[in-house]
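Novice: below are the sequence and a predicted model; questions follow.
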Number of protein chains: 2
Amino acid sequence: MTKRSDCPISNVLDIVGDKWSLLIIRDLMFFGKHSYSELQNSEEKMATNILSSRLEKLETHGLINKQPDKKDKRKKVYQLTASGIDLLPILLEMILWSAKHAPELTIPTQLVERAQSDKAGLIDELIANINQ
Amino acid sequence: MTKRSDCPISNVLDIVGDKWSLLIIRDLMFFGKHSYSELQNSEEKMATNILSSRLEKLETHGLINKQPDKKDKRKKVYQLTASGIDLLPILLEMILWSAKHAPELTIPTQLVERAQSDKAGLIDELIANINQ
DNA sequence: CACTTAACTTTTAAAATGCAAGTTAAATTA
DNA sequence: TAATTTAACTTGCATTTTAAAAGTTAAGTG
């Protein structure tokens, strides 16, 4: 999507403002997924052409990078960059919103409590475990 | 959009995961807009049918409410509900992400500094000024 | 060597979006 | 008070995006 305005919110939405991009970021961030097939197998089952185009867009915007897998030459390794990792607070706030306003969802209590009592510490801890 | 999974992030994206919904929320939250025509005149210029369908969806999900304007019977007043207001931390984190990663944008320095040094205080203050 | 896996691309139909114009009720202006 | 303007939409249609399914190519496995 081409830039619509100079608004910082609009700017983020131009990059990840769709139904899928942040789910890819989520999988890379929280679930240790790093390959195309792992991403494709997430619960929401995105179509492979959408996955492909979103990965390309995320890479173009510098949120992820793609490298050949050293062990299996068929594979590519997708990783969050520093700016991709910096989306974590946005995702955390989404989790907190759902924890408060979608009580029918079962969200790990420990995560929510930690996010409420020590957000900065939680973020540091999560970041330390990404891309390993 | 129908529910894709029990993931709290996916849940938020099912409701506001598009290019426009959070801009409507932004305008109601930060710019004191309350009517259809005010929303339509924002910098990003969304089409009126999209605005209409998004307002309907946001109302359906309880993020905004719509009331007749008491002074001008042609008008409707759109307001954030409590759960709509609770999207503020997500928007703030988007602003902070752009402040860090889109330096070509001019984002009010005071807002960014306040968000970094006293996020909770800033949020309280902003909330106090919504829907007035 | 046959089969499977990984990462895509292609095709086609369905859905969403964007643009322009039209509608209705209420307010304003001449 | 008649004509015009404003507000909040809706409608129609062309374009774009998405979804679903099938196909492709290179590489790994039994």
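Specialist: The structure has been received and is ready for your questions. What you see is a predicted model; the values in this text were computed from it and never measured.
Novice: and stretch A:103-117, which residues are buried?
Specialist: Across stretch A:103-117, burial judged by 16 or more other C-beta atoms under 10 Å in any protein chain shown covers A:105, A:107, A:111-112, A:114-115. (Each C-beta comes from the backbone N, C-alpha and C, glycine too.)
Novice: any part of it near chain B?
Specialist: Yes: Stretch A:103-117 lies within reach of chain B by C-beta under 8 Å from any C-beta of the partner chain, at A:105-107.
Novice: can you count the residues close to A:Ser52?
Specialist: Using other C-beta atoms under 10 Å in any protein chain shown, A:Ser52 has 13 other residues around it.
Novice: next secondary structure after the strand or helix carrying it?
Specialist: Per DSSP states H and E: A:Ser52 is located in helix A:48-60. Downstream of helix A:48-60, the next assigned helix or strand under DSSP H and E is strand A:64-68.
Novice: is that next one anywhere near DNA strand D?
Specialist: No: contact between strand A:64-68 and DNA strand D, assessed by C-beta under 7 Å from any atom of the strand, is absent, since the two come no nearer than 9.4 Å.
Novice: chain A: helices as residue ranges?
Specialist: A:8-16, A:21-30, A:36-40, A:48-60, A:82-85, A:88-101, A:109-117, A:119-128 (DSSP state H).
Novice: outline the domain layout of chain A.
Specialist: With automatic domain parsing as the criterion, the domains of chain A are listed as A:1-84, A:87-132.
Novice: can I get the ones you listed in TSV including mean pLDDT?
Specialist: Output for those, formatted as TSV (pLDDT from 0 to 100):
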stretch	mean pLDDT
domain A:1-84	96
domain A:87-132	94
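Novice: take the ones you listed and write them to a markdown table, including distance to DNA strand C.
Specialist: Formatted as a markdown table, the entries for the domains of chain A read as follows, by distance: least, C-beta to the nearest atom of the strand, whole Å:
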| stretch | distance to DNA strand C |
| --- | --- |
| domain A:1-84 | 3 |
| domain A:87-132 | 15 |
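Novice: how close does A:Ser117 sit to chain B?
Specialist: From A:Ser117 over to chain B the distance is 13 Å, taken as C-beta to the nearest C-beta, to the nearest Å.
Novice: please name the nearest non-neighbouring residue to the spatially most central residue of chain A.
Specialist: Geometric centre of chain A, nearest residue: A:Ile25, 1.5 Å, by C-alpha atoms, centre = their mean. Once flanking residues are discounted, A:Ile25 sits nearest to A:Leu87: 5.5 Å by C-beta to C-beta, 6 or more residues apart in numbering or on different chains.
Novice: ok, now which ones touch the one you found?
Specialist: Taking C-beta atoms under 8 Å, 6 or more residues apart in numbering or on different chains as the definition of contact, the neighbours of A:Leu87 are A:16, A:22, A:25, A:29, A:63, B:97.
Novice: show me the two of the residues you listed that sit farthest apart.
Specialist: When C-beta to C-beta is used, the two most widely separated members of these are A:Met29 and B:Trp97, lying 13.8 Å apart.
Novice: hmm, back to that, closest one to DNA strand D among the helices of chain A?
Specialist: The closest of the helices of chain A to DNA strand D is helix A:48-60. By C-beta to the nearest atom of the strand, the value is 4.4 Å.
Novice: give me the contact list for the closest one.
Specialist: Counting by C-beta under 8 Å, 6+ apart, A:15-16, A:18, A:20-21, A:24-25, A:36, A:39-40, A:46, A:64-66, A:78, A:84 sit against helix A:48-60.
Novice: try 7 Å this time
Specialist: Applying C-beta atoms under 7 Å, 6 or more residues apart in numbering or on different chains, the contact partners of helix A:48-60 are A:20-21, A:24, A:36, A:39-40, A:64-66, A:78.
Novice: give me the angle between it and helix A:21-30.
Specialist: 70 degrees (axes from the mean of the first three to the mean of the last three C-alpha atoms, to 10 degrees).
Novice: helix A:48-60 vs strand A:64-68, what angle?
Specialist: Between the axis of helix A:48-60 and that of strand A:64-68 there is an angle of 110 degrees, by the same axes, to 10 degrees.
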